[in-house]
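[1] Give me coordinates for this.
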Amino acid sequence: MVYIKSVVVTVYGKRFATSDLRDGAERMLDISAAMQPGDANTITITAHGKPGGSVDVMIFDGNE
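    Just a heads-up that it's a prediction; the model follows:
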């Protein structure tokens, strides 16, 4: 059973989305175009799907 169907990542009003997710799926989103200099960025992650679903999210700075 697929619980999470899509994930939307929003950075300062700019949306990045994935869809057609299946259990165990992996996606990479490059949100660097919306990031501001410094370490005070606000990132909102919204998952859409059936109750009981979950997602694991890793955010990293490719420069480190």
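[2] what are the ranges of the strands in the protein?
    Ranges of strands in the chain, per DSSP state E, are 4-11, 14-18, 43-49.
[3] quick one: low-confidence ranges for the chain?
    Residues of the chain meeting the criterion pLDDT under 70: 1, 63-64.
[4] correct me, but residue 54 touches residue 3?
    Yes. The pair residue 54 / residue 3 is scored as a contact, 7.4 Å apart, by C-beta atoms under 8 Å. For every residue, glycine as well, the C-beta is placed using N, CA and C.
[5] Ignoring the adjacent residues along the chain, who's closest to residue 14?
    Using C-beta to C-beta, 6 or more residues apart in numbering and skipping the chain neighbours, the partner closest in space to residue 14 is residue 34 (4.0 Å).
[6] who's in contact with that neighbour?
    11-12, 14, 16 (C-beta atoms under 8 Å, 6 or more residues apart in numbering).
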